[in-house]
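> I'd like to go over a predicted model; first the sequence, then the structure.
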Amino acid sequence: MSGIALRTQGLSKSWGAFKANSDVTLNFASGSRHALIGPNGAGKTTFINLLTGVFAPTAGQVFLGDEDITGLPQHLRVKRGMTRTFQINTLFPGLTVLESVMLALCEREGKSSTWFRTVAQQRREADEAMALLASLKLDRDADSETRNLAYGRQRLVEIALALATRPKVLLLDEPAAGIPSAESAELFEVIAGLPRDVTILFIEHDMGLVFKFAERITVLVGGRVLCEGTPAEIAADPRVKEVYLGEAEHG
Ligand SMILES: Nc1ncnc2c1ncn2[C@@H]1O[C@H](COP(=O)(O)OP(=O)(O)OP(=O)(O)O)[C@@H](O)[C@H]1O
């Protein structure tokens, strides 16, 4: 696939006089693995919330492919192909991994309220769910209750649930947060191996993971784009060093 999967034009969000995002204009190429980095409070999560429709922007637009989705409610953005991860702990506490993914698949097909389905229909969904789990190396956990899995594997189930909506764009806000580093590397290996028809934008604080897995990096500082480029370009940019060195000195 080529072209632009997602772009923003002059996207801004203020609360009173405070500008959390200012004039953010970015392109996300189809199939790319794009990281959004920046110091605490830079406005990264705000940007994701503007993309998904949690917040309405003060100014600017969001385009998914060619469509201006700025005014769309959250669930219609998911239907159009932009999904962020769901928190399984709050969604399906007592279900197995397989049941959770089947439920997400049924939800996508609009079948979640159908109490009677044929065995053949259920088998199709189970097969699709198992294939999805296998692609994330979660098939061995299919019959475990999600709440009994290690935290890192729970995060993978969250990604499976997001993928069940068949996204064109997948948004991951710190997918490895709270996971031991050995597990987080494994999680990112799986994310990196996702099909190329899914464009991935992720926020991540661990620079080792960012520079290993991102193909493009955007640095946000004070709600503005400081710079954007390949990992090599970002690593060599003196402005980025200044921002992070300044942070280290304060820390
Ligand atoms: N609903 C809100 N009302 C007012 N201010 C907010 C709101 N949400 C976020 N902010 C402020 O906007 C700024 C940017 O926050 P945001 O969470 O987007 O930053 P971040 O880059 O994701 O930070 P972190 O890396 O610490 O998660 C912060 O100063 C925050 O306090």
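Okay, I see it. Only a predicted model underlies this, so the values are computations on that prediction, with no experimental measurement involved.
> distance check, I37 against K241.
Going from I37 to K241 by Cβ to Cβ, to the nearest Å gives 13 Å. Where C-beta positions appear, they are placed from N, C-alpha and C, glycine not excepted.
> so if I had to pick from these two, which one is more boxed in?
I37 (25 against 12; other Cβ atoms under 10 Å).
> these two touch, right, that one and F202?
No. I37 lies out of contact with F202 (Cβ atoms under 8 Å); the separation is 9.6 Å.
> what's in contact with the host helix or strand of E158?
Using DSSP states H and E, the element containing E158 is helix 151-163. Residues from elsewhere that reach helix 151-163 (Cβ atoms under 8 Å, 6 or more residues apart in numbering): 83-89, 91, 97, 100-101, 104, 132-133, 136-138, 141, 146-147, 149, 170, 172, 175-176, 178-180, 183-184, 186-187, 190-191, 194, 198.
> report the next helix or strand after that helix in sequence order.
strand 169-173.
> tell me how far that following strand is from the chain's mean position?
1 Å (Cα atoms, centre = their mean, to the nearest Å).
> before we move on, what about stretch 147-157?
How far stretch 147-157 lies from its chain's middle: 17 Å, per Cα atoms, centre = their mean.
> output it as CSV, nothing but the C-alphas.
Extracted in CSV, the C-alpha atoms of stretch 147-157 (Å, rounded to 0.1, in the frame of the first residue of the first chain):
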residue,chain,number,x,y,z
ARG,A,147,-7.4,-11.9,34.0
ASN,A,148,-5.1,-14.9,34.8
LEU,A,149,-2.5,-14.0,32.1
ALA,A,150,0.7,-12.2,32.8
TYR,A,151,0.4,-8.5,32.3
GLY,A,152,2.4,-8.5,29.1
ARG,A,153,0.1,-11.1,27.5
GLN,A,154,-3.0,-9.1,28.6
ARG,A,155,-1.6,-6.2,26.7
LEU,A,156,-1.4,-8.5,23.6
VAL,A,157,-5.1,-9.5,24.1
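> pLDDT of that stretch, averaged?
Averaged over stretch 147-157, pLDDT sits at 89.
> may I have the beta-bridge partners of L36?
I203, T218 (DSSP bridges).
> next, count neighbours for it.
L36, neighbours per other Cβ under 10 Å, totals 29.
> just use 32 as the starting number from now, easier for me
All right, first residue 32 from here; so that's L67.
> against the ligand, how distant is it?
8 Å (Cβ to the nearest ligand atom, to the nearest Å).
> what sits against that residue?
75, 78-79, 232-234, 248-249, 251.
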